[in-house]
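*Asks:* Sequence plus the predicted model coming up.
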Amino acid sequence: MSKAQHGNTTKPPNILFVLADDLGLHQVRPFGDPYFESPHLAAFAKEGMCFTEAYAAAPICSPTRASIMTGKAPARLHLTNYIPGAPFPYAKLHIPDWAPKLALAETTTAELLSAHGYTCGHFGKWHLNADKNYEPGRPGDPGSQGFHDVLTTEKPESNADPCADAHNVEKITHHAIEFMRAHRDGPFFCYVSHNSIHSPELECAEAVSRYASKPASDAALGRNPVEAAMMETLDRGVGKILKAVDDLGLRERTLVIFFSDNGPLHGFQARKPLYGGKGDLYEGGIRVPMIVRWPGVIAPGSTCSEPVISTDFFRTLGAIAGAAAPSGVDGVSLLPLFRNEGRLGRDALFFHYPHYHRLTSDTPPMEHPVTPHGAIRSGKFKLIEWFEESLADPESPSAYSLFDLEDDPGEAHDLSGEKPGIVKLLARRLREWRETVGAQMPTLNAAYDPARSNWRHADRL
């Protein structure tokens, strides 16, 4: 990589990674619904590349965040649910004995970069240890996983003051800016990991009322005024960080990534044009906004429609730093896409979620309650395997759903009955992938009780 591509310096670029929480594609300009206002991200998009088919590795937070930190599929890590998850002891399937924390033996992005001269800062949500009792240097917390400067936060209580920075957006933003100022000579890795716009939905009444008064406001259609106000606050925080990059004279030598850990809370059809949401492997649960800016490398105002996934960040950032990825990494480097040098040559993406989720089991009404499942996307086709059906009867016509994402991005038309050959091919590839990565599968539950199947725990807490 030339000096010009690094802003006329021999040092590798700084890396600023901003991760939102539960933020859907439809909630961010330029991807989505104009009801949501994100002027700073819209301006940022014009300066970089928008990825229109970017995927989180999982439909919930902890596995996706683990994939960013390790480059490994959650199925390979056995970290497949949000921490601590719930066993649903009376459901049809018995959940596998998964790993509810990121193993210390895993090499994180921060460890990879710090070994190559980067100072690494983590600011915000971690959610990769067994609990949230964070302490400086505690095993499993960011300070033991390669980060030198750490601020850990978590979501607020539902009765928190919505006008007192309930989700710590301002606090996280302030610490990130101070970190960049302190390490402006670089290179640094600044990981800005937000709790917003995760529930509880809290925002100042004045901001909420402005969105509630919009003619298009309708929570049932995904235009939730509280979420929109939270998005505005998050966008403002991103704007402050981007302004700090400019004020510190770092724009030309800083790679900036904006991403979300999974799709949005609430509902299925409310997230048009996609279908689904947090907790499921429909497009609405895993296709997320992604914008990348890298002056001198990425063409301003460009768009990439090639499917990419959160496991790709580890190898990409390692390549930028000149670091070789350890064995077992599933992602690929996105540098060819950044440089517009061709495609990745990857023909499929895989997903594995062998769990029940309380959002889909406890929140009525549900049009399609989501149960443990997996998915493969290959070309324009996407196959979802429903484990309750496939484990009970592999030949069941309801064991699989097949969609043509090119013609039907909203996954409204199940083609499994019309294209059995494609179903058979993709189902076989999905099984082979699970075997390759050592994915854990649920099993039929001898304690299944239809009357208590939606209980998260034996005592229903």
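*Replies:* Ah, there it is. Residues are numbered from 1 along each chain as shown.
*Asks:* from here on, contacts and neighbour counts on C-alpha atoms
*Replies:* Will do.
*Asks:* separation between the closest residue to residue 140 other than its chain neighbours and residue 331?
*Replies:* Spatially, and ignoring its direct neighbours in sequence, residue 140 is nearest to residue 129 (5.2 Å; CA to CA, 6 or more residues apart in numbering). As for residue 129, its distance to residue 331 is 22 Å (criterion: CA to CA, to the nearest Å).
*Asks:* re the thing from before, residues contacting the residue nearest to residue 140?
*Replies:* Residues counted as contacts of residue 129 (CA atoms under 8 Å, 6 or more residues apart in numbering) are 83, 100, 101, 102, 140, 141.
*Asks:* Please apply the same query to residue 427.
*Replies:* Neighbouring residues of residue 427 by CA under 8 Å, 6+ apart: 383, 385.
*Asks:* That one looks like it's in a strand, true?
*Replies:* No - counting by DSSP: H, G, I helix; E, B strand; the rest coil, residue 427 is not part of a strand but helix.
*Asks:* May I ask which helix or strand of the protein has the lowest mean pLDDT?
*Replies:* Least confident element among the helices and strands of the chain, by mean pLDDT, DSSP states H and E: helix 358-361 (a mean of 61).
*Asks:* Compute the mean per-residue pLDDT across the host helix or strand of residue 422, please.
*Replies:* When elements are assigned from DSSP states H and E, residue 422 belongs to helix 420-437. For helix 420-437, mean pLDDT rounds to 98.
*Asks:* for it, which positions count as buried?
*Replies:* Of all the residues in helix 420-437, those buried under the rule 16 or more other CA atoms under 10 Å are 422, 423, 426, 427, 429, 430, 433, 434, 437.
*Asks:* same check, this time on stretch 115-125
*Replies:* Residues of stretch 115-125 classed as buried: 118, 119, 120, 121, 122, 123, 124, 125 (neighbour count, 16+ other CA under 10 Å).
*Asks:* Need those in a markdown table (columns: secondary structure).
*Replies:* Output for these, formatted as a markdown table (three-state DSSP):
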| residue | secondary structure |
| --- | --- |
| 118 | coil |
| 119 | strand |
| 120 | strand |
| 121 | strand |
| 122 | strand |
| 123 | strand |
| 124 | strand |
| 125 | coil |
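*Asks:* And the residues you listed, which is closest to residue 241?
*Replies:* residue 123 (12.4 Å; CA to CA).
*Asks:* how about the nearest residue to that closest one, chain neighbours excluded?
*Replies:* Nearest residue to residue 123, sequence neighbours excluded (CA to CA, 6+ apart): residue 151, at 4.6 Å.
*Asks:* Please identify the helix or strand for that neighbour.
*Replies:* Using DSSP H and E, residue 151 maps to strand 149-152.
*Asks:* repeat for residue 259
*Replies:* With elements taken from DSSP H and E, the one containing residue 259 is strand 254-260.
*Asks:* Now the element after that strand, going C-ward?
*Replies:* Once the chain leaves strand 254-260, the next helix or strand it forms, by DSSP H and E, is helix 283-286.
*Asks:* what's that following helix packed up against?
*Replies:* Counting contacts by 3 or more CA pairs under 8 Å, 6 or more residues apart in numbering; DSSP states H and E, helix 283-286 is packed against no other helix or strand.
*Asks:* domains in this protein, as residue ranges please.
*Replies:* Here the domain parsing of the chain from automatic domain parsing is 4-338, 349-452.
*Asks:* For those domains, give me TSV that also has distance to residue 460.
*Replies:* Converted to TSV, those look like this (distance: least, CA to CA, whole Å):
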stretch	distance to residue 460
domain 4-338	9
domain 349-452	9
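*Asks:* any idea which of the ones you listed is most buried?
*Replies:* domain 4-338 (a mean of 21; mean count of other CA atoms under 10 Å).
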